[in-house]
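Visitor: Build me a model from this:
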Amino acid sequence: MARRVYVDSSFYIAYLHSDDTLHRLALDLLHSLRSEAGLSYTTSDGVLAEVLAFFARRGHRLRDLAVNLARDVMTAPDIEVVEQRRPLLLQALDLYAARGDKSYSLTDCSSMLICRARGITDVLTHDSDFEQEGFSILL
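Guide: Sure, this is the predicted structure:
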């Protein structure tokens, strides 16, 4: 079975934003992952929405980079983009409510549910919230 990695917004932000402290690490990590045969990626509409929201007020150049990234991700053959449908949103809301002692965002909760449903354990993120739920973070 081919390895599947979930891509979170913190990775996309670090990848695009050259001033991000994790930018170089994100580039190096992506380069090393590209050499892994059969690797595929999963992300979600919610993650892309977070990335676009992050870059909304950071100038035209970064905003345009984010738009291009979102379009590229949505059309890439090796990236599954999970739609934010109502059943997933309701399940994420339940997890969000159940983890009131955590700082998880609703998108994080949705992402965690997507990972569990697909058997994904590796997440391209710097967000330690995923570690708290038993995932391995790669950034």
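Visitor: Give the buried residues for stretch 67-86.
Guide: 69-70, 73, 80-82, 84 (16 or more other Cβ atoms under 10 Å). In this view, the C-beta of every residue, glycine as well, is placed from N, C-alpha and C.
Visitor: Just the ones of these in strands?
Guide: Among the buried residues of stretch 67-86, the members falling in strands (DSSP state E) are 80-82.
Visitor: Closest to residue 21 out of these?
Guide: residue 81 (26.9 Å; Cβ to Cβ).
Visitor: hey, what's the closest one bridged with?
Guide: Per DSSP bridges, the residues bridged to residue 81 are residue 43.
Visitor: I figured it hits residue 43, correct?
Guide: Yes: with contacts counted by Cβ atoms under 8 Å, residue 81 reaches residue 43, the gap being 5.7 Å.
Visitor: overlap in contacts of the two?
Guide: residue 73 (Cβ atoms under 8 Å, 6 or more residues apart in numbering).
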